[in-house]
Every structure is written in C-alpha cells, then in structure tokens.
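> A predicted structure for the sequence below; I have some questions about it.
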Amino acid sequence: MRRTLTALLLIAASSAALAIPAGATGGQQEDLAQVSVAERSACAVTGTGSIQCWGLNTSGQLGNGTTTNRSIPTGVVGISSAKQVDGTQFHYCTVLSNRSVRCWRKNNDGQLGDGTTTNSTIPLEVPGITTATQVATGSQHTCALLMDGTVNCWGLGVGRLGNGGTSSSVVPVPVTGISTAVEISSGGGTSCALLANATAACWGVGTSGQLGNGTNSSSLVPVSVTGLSTATQISTGSDSACARTTSSAAVCWGRNSDGQLGEGTTTNSSVPVAVSGVSDAAAVSVGDRVACALRTSGLPVCWGWNLYGRLGDGTTTNSSVPVAVSGASGISAVSVGAAMSCARSTTGTAVCWGFNGQGGLGNGTNTPSSVPVDVLPGLCQESPDPGYSDIATGQYYTDAVAWLAAKGISTGTTPTTFSPTAVVGRKDMAVFLWRAFGSPTPLGANPFGDVPDGQYYTNATTWLAEQNISTGTAPGMFSPDAPVKRRDMAVFLHRATGLITAGTSHGFGDVPPGSYYEAAVSWLVETGITGGTSPGTYSPNTDVNRAQMAVFLHRRGCGISVA
C-alpha cells in the first residue's frame with residue numbers, strides 16, 4: 001500500500017560506543033527518513049538504514065520475530081540498510097541498499113514473494129529481485145519498481161498482478177506493458193504506475209472506478225487513467241486513488257462514500273476530479289476512505305472518513321473537503337493507512353493520529369487521538385539505564401545492555417550487576433535468544449537428557465531445538481554449560497532470524513569456505529551485525545562474553561550497523 005513518507009559486533013577494544021545514551025528517556029522519535037502506515041501499525045526507515053515498527057503485532061506485523069503488540073517503536077530483525085518500507089494490513093516489504101526486497105507477515109497468497117505461502121514474523125528475501133527502486137504493498141499482493149522502468153508483482157491474482165492472468169503467484173511476474181514507470185503505488189486490490197511522460201496506468205480491481213479509466217470494470221492489465229497527463233506523484237488506497245499534478249493540484253478518483261475524493265460530494269467518480277481548495281500540494285497519500293495532502297507550506301490537510309479522528313482536526317466528523325490537521329507544521333511528508341495516519345517533520349521526528357487500540361500511534365498508550373501525538377523513542381533508540389554498577393557509560397556495549405534489560409531479555413547476574421566479561425554458556429545463550437523472541441511456549445517435551453525439567457533454561461533449549469536453531473551437541477545432548485563460540489553465535493542468530501540469504505564475500509581469512517558457519521558469518525557482515533575482531537579476522541573459535549552477546553542481539557534486533 002503506497003503510504004510512504006517520501007523522502008553483531010566488532011569485538012575489539014577499540015569498538016566505538018553506540019550513538020544513543022542508555023539513560024535517555026522521553027522526547028520524540030528522531031532521525032526518521034521515511035514512514036509507512038498500514039492498518040493499525042506503522043514502520044519507519046531511520047537515517048542509519050534500520051527499520052523501527054510499532055502497533056498491532058498479532059501476526060508478526062512488526063517484523064521482530066514475535067507477535068507482541070508494541071506501543072513504542074521496536075526494531076525489525078536483520079535490517080540495517082533499508083532505503084524504503086511500505087505496508088498494508090496484510091504485510092510489509094522493504095527495499096535494501098543493494099536493491100533487493102524483503103517482506104514479512106502474512107503470506108497466504110504468496111505476497112511475501114519467497115516462493116511459499118508460509119507466514120513469517122521476520123523479513124524474508126524475495127528471490128530474483130536485484131534492481132528494485134521501490135516496493136508497494138496492496139491487499140495480499142506486492143509490486144516492485146525496477147531500475148529499467150518495468151514492474152514485477154506477486155501474490156494474489158485475479159488481475160492484481162497486471163500480467164493478463166487471474167492466477168496467483170508466489171514469485172515475481174512482470175506487469176504487462178509497463179516499461180517507463182517512475183513510481184508505483186498499491187492499495188486494496190489495485191495498483192498504479194506513474195509513467196515517465198506524466199501519465200498513469202492502473203490495474204486490478206476497478207469496481208468503484210479506482211482504475212480511473214471511466215469505467216467501473218476491473219482489468220487484468222494496466223489501463224490509462226483518463227485525462228491525467230501532468231502527474232508528478234500518485235497514491236492508491238483501499239478503493240480510491242489520488243495524484244499530484246505539475247500545477248500542484250490534487251486530483252482523486254474511485255469510491256467516494258465518505259468524501260474521500262475531497263471534491264465536496266459523496267459521489268463516486270471513475271475519472272480524476274479536483275480536490276477542493278488544494279492548489280499547492282507537495283504530495284498526496286490515500287488510505288481506507290481517507291486521503292491527505294501535504295501543502296508546500298509544510299501544513300497537511302485531510303478529508304474523508306473521520307472515525308477515531310483520522311482527519312487529525314480534533315473531531316470525529318467526516319469531511320468531503322480538506323480540513324487542516326490540528327497543530328501540525330513543518331511537515332515534510334504524510335502517510336495515510338487504514339485506521340490512522342502519521343507525518344514526518346523536516347527534523348526527522350514523527351507524529352501520528354487516529355486509531356490506537358494496539359499502540360499504533362507509537363506514543364506509549366492505546367488511546368485514540370483526533371490530533372497528532374508524538375511518536376516516542378523506542379527501546380532501540382533510548383533504553384532506560386538499568387542501573388548496573390559494572391556497566392560504564394560510553395562502552396561499546398552500554399546501550400546494548402540497557403536494551404536487553406528494557407526488553408526483559410536479561411535481568412543481569414544480580415540486581416545491580418551484569419557481569420559483561422563473563423563467558424556466555426549455551427544455556428544462557430538459549431535463554432537470551434528465547435526471550436528476544438518473546439519467550440514462546442514450546443510445543444513438545446524437552447528433548448535433552450542433560451537439561452533437567454523445570455530449570456530456568458528448559459523451555460528455552462526445548463524451543464531452540466523445535467525451531468532447529470540448535471539441535472544440541474550430540475543426539476539428546478545440549479551441553480548447557482559449554483561456552484558459546486563466535487562461530488556458533490553466528491549460526492544461532494542466523495537460524496533464529498530465518499536463514500536470510502547472504503553472499504559469501506565476508507572477507508575473513510579464518511572462515512573456511514564451505515564451513516557450517518560460513519553462510520551465517522556472511523549474513524552477519526551483510527546486515528552490519530559484525531565487522532570481525534580485526535580487519536580480515538572473525539575469530540570463530542573465540543568464546544563470546546555477556547557484553548558481546550548483548551551487542552550481537554541488539555544489532556540483530558535493532559538493525560544497528562558497525563559502520
């Protein structure tokens with residue numbers, strides 16, 4: 001859904017401290033480069049390339065390996081080089097700096113594009129996409145704009161893939177007749193492409209006129225939007241769409257049951273109509289029966305359905321013409337979702353308004369708001385100081401330890417100590433990972449003879465075995481007290497994160513080609529989790545201590561790169 005706001009460890013004495021002070025609290029989320037609002041959740045790309053998400057997470061919307069709702073931002077696992085993110089009520093996808101695409105959450109119709117229909121709570125790579133410049137998510141389908149101006153789509157068929165057929169596809173397929181696209185947008189069962197000649201073409205569901213071609217018919221292939229010849233930006237919602245023109249006007253088409261076309265009526269239109277009173281639009285964004293425009297002055301206006309205060313004007317009254325978002329100024333982009341909206345400021349902070357039942361506004365509450373509220377810093381940005389006497393300010397692991405404590409992954413070795421230099425045993429590694437994924441209940445019995453039932457680590461080791469993260473050191477044996485080596489830490493993290501594909505150009509002379517841990521180390525390097533212990537050296541046989549484990553997990557969970 002086009003809701004975008006346009007715009008583990010180097011274990012060495014010389015490791016630099018992470019940028020965010022562990023004891024910081026309050027304030028606003030900062031350094032957001034781009035935000036996408038879905039149904040009751042939102043995700044943001046940060047200035048460093050990580051992704052932070054918040055809100056509803058009952059089926060893994062937040063991409064952090066759990067299904068726990070979060071009312072403040074939390075990190076998407078394994079992502080440190082994101083350029084753009086887009087989400088809908090079914091799934092999220094991101095484009096990375098290497099122009100690959102990764103997706104997560106629902107996959108019942110193949111909308112994650114990984115060749116399966118298996119859901120995933122962590123990002124999965126879309127095979128075959130290596131030149132993406134943008135990704136757009138719709139209702140159970142996804143499209144990617146490629147560098148050559150073509151578009152590929154995957155997921156639910158019935159015309160949504162634009163390839164002339166009705167069959168679904170679990171892998172990308174080319175959209176027919178599109179070769180000069182400069183922007184794409186997906187929403188509901190419809191997708192649109194803005195073309196280089198300032199025209200637009202749409203495909204998929206058109207029963208409310210949302211294809212903009214003068215009919216209420218759906219189309220298996222792209223059809224031209226009638227009368228649109230000066231478009232500079234396009235946004236597609238659940239059953240309507242809008243575009244910005246070269247004259248800074250906003251035009252919309254499709255369903256208008258709640259005034260979402262913004263022209264003063266509630267009559268559907270199958271061709272573009274001008275939004276009333278908007279002649280200075282910098283951008284438009286469309287959601288579910290709501291749309292917003294950002295004025296060139298930095299002031300956003302919205303129109304349409306105002307349930308839960310989704311227009312942001314301090315009321316819950318629908319409006320078929322634009323109304324000003326209360327108190328919002330200095331805005332650089334707006335993103336409209338299915339139940340809420342968010343805006344990014346010119347300084348990289350964010351505000352949201354509308355529905356908030358599962359924390360989608362990111363302000364630490366579940367209370368809806370008809371006016372913008374600040375998105376708070378998440379645990380990845382500003383974790384509270386846990387008060388450990390043996391964790392000094394400014395160490396490379398300071399913020400990572402604070403994050404672990406804030407998430408309940410570790411409560412320390414005593415209430416006042418963390419023991420950062422203590423070597424991590426396999427049982428504690430199991431507990432750290434298990435808690436990082438929300439302490440899920442194992443499905444079966446404890447498979448290890450050397451792991452007594454009822455221990456603090458029993459559920460953790462059982463879960464690791466069930467997930468094939470670690471099946472032990474020998475049949476029926478886990479070796480809970482054995483130290484964790486850096487090679488095994490790499491494998492544990494890689495498996496826990498979903499075996500995300502990576503190359504083999506890790507650059508370490510002490511990581512043998514074909515070794516059981518080579519792919520895992522390569523992934524750690526690609527995601528910025530580790531740069532080795534020194535240039536060209538990974539030290540696979542070195543024991544991992546508690547400080548290093550904290551940083552491995554922090555960078556995996558928060559996308560913090562060593563660069």
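Arrived safely, thanks for sending.
> how about low-confidence regions in the stretch 451-563 of the chain?
For the stretch 451-563 of the chain, applying pLDDT under 70 flags the ranges 499-504, 562-563.
> go again using 50 as the cut-off
Segments of the stretch 451-563 of the chain classed as low confidence (criterion: pLDDT under 50) are not present in this model.
> Any idea what the spatially most central residue of the chain is bridged to?
The residue lying closest to the centre of the chain (Cα atoms, centre = their mean) is Cys43, at 4.7 Å. Going by DSSP bridges, Cys43 is paired in beta bridges with Ser36, Cys53.
> Contact partners for it?
35-36, 51-53, 62-63, 76, 85, 87, 92 (Cβ atoms under 8 Å, 6 or more residues apart in numbering). For every residue, glycine as well, the C-beta is placed using N, CA and C.
> so how far is Gly209 from it?
Here the criterion is Cβ to Cβ, to the nearest Å. By it, Cys43 lies 30 Å from Gly209.
> Could you do Thr232 as well?
With Cβ to Cβ as the criterion, Thr232 and Gly209 are 22 Å apart.
> Looking only at neighbour counts, state which of the two leads.
In this view Thr232 and Gly209 are compared by other Cβ atoms under 10 Å, and Gly209 has more residues nearby, 23 against 17.
> how much space is there between that one and Thr226?
Here the distance between Gly209 and Thr226 works out to 10 Å (Cβ to Cβ).
> Need the overlap of contacts for these two.
270-271.
> In a helix, Trp463, correct?
Yes: looking at Trp463 with DSSP: H, G, I helix; E, B strand; the rest coil, it is inside a helix.
> Which residue comes closest to it once chain neighbours are left out?
Using Cβ to Cβ, 6 or more residues apart in numbering and skipping the chain neighbours, the partner closest in space to Trp463 is Pro442 (4.9 Å).
> go on, Leu404?
Closest residue in space to Leu404, ignoring its immediate chain neighbours: Ser410 at 4.5 Å, by Cβ to Cβ, 6+ apart.
> before we move on, what about His554?
According to Cβ to Cβ, 6+ apart, the nearest residue to His554 is Ala400 (3.6 Å).
> Pull the number of nearby residues for the one you found.
The tally of other residues near Ala400 (other Cβ under 10 Å) stands at 29.
> and what of the one 3 residues further on?
Residue crowding around Trp403 was assessed by other Cβ under 10 Å; the count is 31.
> doesn't Cys380 make contact with it?
Yes: under the criterion of Cβ atoms under 8 Å, Trp403 lies in contact with Cys380, with a separation of 6.8 Å.
> intersection of neighbour lists for the two?
Any residue near both Trp403 and Cys380 by Cβ under 8 Å, 6+ apart counts here, and that gives 554, 557-558.
> Quick one: these as CSV, columns for neighbour count, distance to Tyr517 and secondary structure too.
As requested, these are exported to CSV (neighbours: other Cβ atoms under 10 Å; distance: Cβ to Cβ, whole Å; DSSP: H, G, I helix; E, B strand; the rest coil):
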residue, neighbour count, distance to Tyr517, secondary structure
His554, 29, 21, helix
Gly557, 28, 21, helix
Cys558, 30, 23, helix
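> could you dump those to JSON lines with distance to Tyr456?
Formatted as JSON lines, the shared contacts of Trp403 and Cys380 follow (distance: Cβ to Cβ, whole Å):
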{"residue": "His554", "distance to Tyr456": "22"}
{"residue": "Gly557", "distance to Tyr456": "21"}
{"residue": "Cys558", "distance to Tyr456": "25"}
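> Closest one of those to Ala198?
Nearest to Ala198 out of the shared contacts of Trp403 and Cys380 is Cys558 (Cβ to Cβ; 40.3 Å).
> show me what contacts that closest one?
Taking Cβ under 8 Å, 6+ apart, one finds 50, 52, 75, 379-380, 403 in contact with Cys558.
> rerun at 10 Å
Cys558 makes contacts with 18, 20, 46, 48, 50-52, 64, 73-77, 79-80, 378-381, 383, 399-400, 403, as judged by Cβ atoms under 10 Å, 6 or more residues apart in numbering.
> Go ahead and confirm Gly532 touches Ser539.
Yes: Gly532 lies in contact with Ser539 (Cβ atoms under 10 Å); the separation is 7.3 Å.
> For these two, work out which one has more neighbours and name it.
The neighbour comparison of Gly532 against Ser539 (other Cβ under 10 Å) goes to Gly532, with 24 against 17.
> The residue nearest to that one when sequence neighbours are not counted - how many residues pack around it?
For Gly532, ignoring the flanking residues on the chain, the nearest one in space by Cβ to Cβ, 6+ apart is Tyr538 at 4.7 Å. By the criterion of other Cβ under 10 Å, Tyr538 has 26 neighbours.
> same question, Arg160
In terms of burial, Arg160 registers 31 neighbours under the definition other Cβ under 10 Å.
> pretty sure it is touching Ser168, no?
Yes: counting by Cβ under 10 Å, Arg160 touches Ser168, with 8.7 Å between them.
> about what we covered before: who's in contact with the residue nearest to Leu404?
Contacts for Ser410 were tallied using Cβ under 10 Å, 6+ apart; they are 386, 401, 403-404, 418, 428, 431-432, 435-436, 546, 549-550, 553.
> Of these, which one scores lowest on pLDDT?
Comparing pLDDT over these singles out Ala436 as the least confident position, at 86.
> separation between that residue and Ser410?
10 Å.
> Can you pull the residues that touch both of those two?
Overlap between the contact sets of Ala436 and Ser410, as judged by Cβ under 10 Å, 6+ apart, is given by 404, 553.
> re the thing from before, okay, and the common contacts of Arg160 and Ser168?
Joint contacts of Arg160 and Ser168 (Cβ under 10 Å, 6+ apart) are 109, 111, 140-141, 154.
> Farthest-apart pair in those residues, please.
For the shared contacts of Arg160 and Ser168, with distances taken as Cβ to Cβ, the pair at the greatest spread is Gln140 and Trp154 (10.3 Å).
> Just want to know which of those two has more residues nearby.
Using other Cβ under 10 Å as the criterion, Gln140 and Trp154 rank with Trp154 on top: 29 against 23.
> after the helix or strand where the more buried one lies, next one along is what?
Secondary-structure assignment from DSSP states H and E places Trp154 in strand 151-155. On the C-terminal side of strand 151-155, the closest following helix or strand by DSSP H and E is strand 169-174.
> CA atoms only: put that next one into CSV for me.
Output for strand 169-174, consisting of C-alpha atoms alone and laid out as CSV, is shown next (Å, rounded to 0.1, in the frame of the first residue of the first chain):
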residue,chain,number,x,y,z
SER,A,169,2.0,-16.3,-8.0
VAL,A,170,4.4,-16.9,-5.1
VAL,A,171,7.2,-15.4,-7.1
PRO,A,172,7.5,-12.1,-9.0
VAL,A,173,5.9,-11.9,-12.5
PRO,A,174,6.2,-8.9,-15.0
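> Okay, now the sheet partners of that strand, with direction.
The pairing partners recorded for strand 169-174 under DSSP bridges are strand 151-155 (antiparallel).
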